[in-house]
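> Any chance you could fold what I've pasted below:
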Amino acid sequence: MLLYYVSIKGNNIMFIIADENSEGLRLDYFLSELYEGISRSKIQTAIKGGKVTVNTVSKKPSYLLKENDKIEFENLAEENNIRIEPENIPLEIIWEDENMAVINKPSGMLTHPTAVETSGTLVNALLYKYKDNLSDINGDFRRGIVHRLDRNTSGLLMIAKNNLAHNYLADLIKNHQILKKYHAILKGSYPIDEDIIEEPIGRHKTQRHKMAVVPDGKPSKTILKVLERFEDATYVELTLITGRTHQIRVHTSFKKYPVYNDTLYGAGCGKVKTEEQVLQSYYIKFAKPFSAQIIELEIKPDEKLSKVLTYLRNRRV
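Have a look, this model is predicted:
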């Protein structure tokens, strides 16, 4: 299931703001991913019948979405109301003040709900912890969420407690004023100790649920540094200069050294069984909202990363 921003506009009307993750998808495919239990033909009929608009205009089912398109439509599910409930899910809060927090999101947890998965996400946990003290710029499904991590990527994630802080953090992200670093294990022995991967990223031309290096993609830059080498794997630090969807996974796969256990981008299942992709957002540096103070945070390798590192190191002895 792909991740989209969903919000309730009325009893039976919904709208979605298409983000970078959905750019280039067909309109009917986009909605069929959102409603996994409804046939594509039924969705196409709804689109042709004028029950779906993009930026207030009716489109064909084959219309290719652009970032920031507003898709408005009648709820196609049987339930007319989707409510996101607070859930008492433990949160590891690394740092917080009155305006924001930095959470260590575990691997396996969705950052925010979708029309299909409305429980067990970080937003459900945030609503229980902070109640109404969360930004709502991006709607109820993304309360407090300024940026996101893939379901199986763990690590540091910024949360906004109010709309002023949300806009402040969003501007930092837009202007590349937040330093984010990741740890990952790559399949194979990366050939050089330091590398700059600067390749454009866009929607995959045939597999629309994936991203890829494509000539007409958005400029994307990742700095790679080798931390430790093994016979058939490499432990690396990756610094994001841009923040494209799946950027690290796409760039390392393009280089033929995909992230360990990333079955979507070519690594396959490694000998150590873990959830998808051994990838952790372990470091973040930013200016505290409405202050000159610089916040610098770092966390230790999580259970998944530690498990694979221990296995690789033991094999080398």
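> Give me the mean pLDDT for stretch 70-82.
Averaged across stretch 70-82, the pLDDT comes to 66.
> Low-confidence stretches in the stretch 201-317 of the chain?
317 (pLDDT under 70).
> Mind jotting down where the strands sit in it?
201-203, 211-213, 221-229, 233-240, 279-287, 294-298 (DSSP state E, counting those that start in this stretch).
> I'd like to know which of the ones you listed lies nearest to W95.
Nearest to W95 among those is strand 294-298; the distance by Cβ to Cβ comes to 5.7 Å. Quick note: C-beta positions are derived from backbone N, CA and C, even for glycine.
> thinking again about what came up before, put together a markdown table for the strands of the stretch 201-317 of the chain, with distance to L91 and mean neighbour count on each row.
Below are the strands of the stretch 201-317 of the chain laid out as a markdown table (distance: least, Cβ to Cβ, whole Å; neighbours: other Cβ atoms under 10 Å):
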| stretch | distance to L91 | mean neighbour count |
| --- | --- | --- |
| strand 201-203 | 31 | 22 |
| strand 211-213 | 29 | 21 |
| strand 221-229 | 29 | 16 |
| strand 233-240 | 24 | 21 |
| strand 279-287 | 16 | 21 |
| strand 294-298 | 15 | 13 |
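> quick one, which of these is nearest to P113?
Within the strands of the stretch 201-317 of the chain, the stretch nearest P113 is strand 279-287; the backing value is 20.6 Å (Cβ to Cβ).
> Distance from the chain centre to that closest one, please.
Offset of strand 279-287 from its chain centre (Cα atoms, centre = their mean, to the nearest Å): 14 Å.
> Show residues contacting that strand.
When contacts are defined by Cβ atoms under 8 Å, 6 or more residues apart in numbering, strand 279-287 is touched by residues 102, 149-150, 152-158, 169, 172, 177-184, 248-249, 259, 262, 293-302, 304-305.
> Out of those, list just those in helices.
Taking DSSP state H, the ones among the contacts of strand 279-287 that sit in helices are 169, 172, 248-249, 304-305.
> from those residues, which single one is nearest S62?
R249 (28.0 Å).
> pretty sure P289 is touching A165, no?
Yes: using Cβ atoms under 8 Å, P289 makes contact with A165 at a distance of 4.8 Å.
> what is in contact with the two at once?
99-100.
> picking that back up, can you convert the strands of the stretch 201-317 of the chain into CSV and add a column each for distance to P191?
What follows is the strands of the stretch 201-317 of the chain, written out as CSV (distance: least, Cβ to Cβ, whole Å):
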stretch, distance to P191
strand 201-203, 22
strand 211-213, 18
strand 221-229, 10
strand 233-240, 9
strand 279-287, 20
strand 294-298, 28
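> To K51, which of those strands lies closest?
Using Cβ to Cβ, the nearest of those to K51 is strand 201-203, at 25.3 Å.
> Give me the contact list for that closest one.
If you take Cβ under 8 Å, 6+ apart as the criterion, strand 201-203 is touched by 23-25, 210-214, 216-218, 220, 244-247, 250-251.
> From these, list the buried ones, please.
23-25, 210-214, 217-218, 220, 244-247, 250-251 (16 or more other Cβ atoms under 10 Å).
> Narrow those residues to those in helices?
Going by DSSP H, the helices hold 247, 250-251 from the buried ones among the contacts of strand 201-203.
> of all these, which comes closest to V123?
For these, the nearest to V123 is Q247 (22.9 Å; Cβ to Cβ).
> What values do phi and psi take at the closest residue to the closest one other than its chain neighbours?
The spatial neighbour of Q247 that comes closest, neighbours along the chain excluded (Cβ to Cβ, 6 or more residues apart in numbering), is S220 at 5.6 Å. Backbone torsions of S220, given as degrees, to the nearest 10, read phi -140, psi 140.
> List the contacts of S220.
S220 touches 198-201, 242, 244, 247, 250-251, counting by Cβ under 8 Å, 6+ apart.
> Redo these as CSV? Include distance to D136.
Shown next, in CSV, are those (distance: Cβ to Cβ, whole Å):
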residue, distance to D136
E198, 36
E199, 36
P200, 34
I201, 30
T242, 27
R244, 26
Q247, 27
V250, 31
H251, 33
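> just curious, which of the residues you listed is nearest to I94?
Nearest member of the contacts of S220 to I94, counting by Cβ to Cβ, is Q247, at 22.5 Å.
> The closest one is in contact with T239, isn't it?
No: between Q247 and T239 there is no contact under Cβ under 8 Å: 11.1 Å.
> mind giving me the domain ranges of the chain?
If you go by automatic domain parsing, the domain ranges for the chain are 5-74, 93-175, 179-285+291-299+309-316.
> Ramachandran angles for P301?
For P301, the backbone dihedrals (degrees, to the nearest 10) come out as phi -50, psi 140.
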